[in-house]
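[1] model this:
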Amino acid sequence: MRAFYFAGVLSQHLQPYTRVQPSGGAYDDDGEWQSATQAPLQLSGMVQPLAARLQAREGGTYLESDRMLYTTHAHAIDERIEHAGTRYRVVEATEREYSDVSQYVLRKVVAHAPLS
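    Next up is the predicted model:
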């Protein structure tokens, strides 16, 4: 299979973003869960608004505040990403074996909103 190398094109438009992901945790002496957090990790990629054609898909699964992240770094579903002062959650991943760049759909995290 032919491989496509888009990282060079992407490098011209890189923007910093931060991966902030809680990692495990433990119960304290009182039996309450205490989340352990990883140190925030500075990464780079390209964060773009979703195209209008994606937002207009039947069923309305995408929101205007959703973003698309193009990066050479791997992310898992439900990871937290912070970009330009806004926190997002990775809700969809498209990793292609023929390309060195992966794309992820990011949904804005709203305080006290259900995670669905």
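[2] Please, which helix or strand holds the residue nearest to H73 when sequence neighbours are not counted?
    Closest residue to H73 apart from its sequence neighbours, by C-beta to C-beta, 6 or more residues apart in numbering: L43 at 5.1 Å. For every residue, glycine as well, the C-beta is placed using N, CA and C. In this assignment (DSSP states H and E), L43 forms part of strand 41-49.
[3] What residues of that strand count as buried?
    Going by neighbour count (16 or more other C-beta atoms under 10 Å), the buried part of strand 41-49 is 43, 45-47.
[4] possible to save those as a markdown table with pLDDT and distance to R87?
    Below are the buried residues of strand 41-49 laid out as a markdown table (pLDDT from 0 to 100; distance: C-beta to C-beta, whole Å):
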| residue | pLDDT | distance to R87 |
| --- | --- | --- |
| L43 | 95 | 15 |
| G45 | 94 | 15 |
| M46 | 93 | 18 |
| V47 | 94 | 12 |
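[5] pLDDT averaged over stretch 12-23 - what is it?
    Per-residue pLDDT over stretch 12-23 has a mean of 83.
[6] can I have it written out in PDB, keeping just the CAs?
    This file holds the C-alpha atoms of stretch 12-23, laid out as PDB (Å, rounded to 0.1, in the frame of the first residue of the first chain):
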ATOM      1  CA  GLN A  12       3.700  24.700   8.400                       C
ATOM      2  CA  HIS A  13       0.500  25.200  10.400                       C
ATOM      3  CA  LEU A  14       1.300  23.700  13.800                       C
ATOM      4  CA  GLN A  15      -0.400  25.100  16.900                       C
ATOM      5  CA  PRO A  16       0.400  24.100  20.500                       C
ATOM      6  CA  TYR A  17      -2.200  22.200  22.500                       C
ATOM      7  CA  THR A  18      -2.100  20.400  25.800                       C
ATOM      8  CA  ARG A  19      -3.200  16.900  26.700                       C
ATOM      9  CA  VAL A  20      -4.700  16.800  30.100                       C
ATOM     10  CA  GLN A  21      -5.800  13.400  31.100                       C
ATOM     11  CA  PRO A  22      -6.600  12.000  34.600                       C
ATOM     12  CA  SER A  23      -4.800   8.700  35.000                       C
END
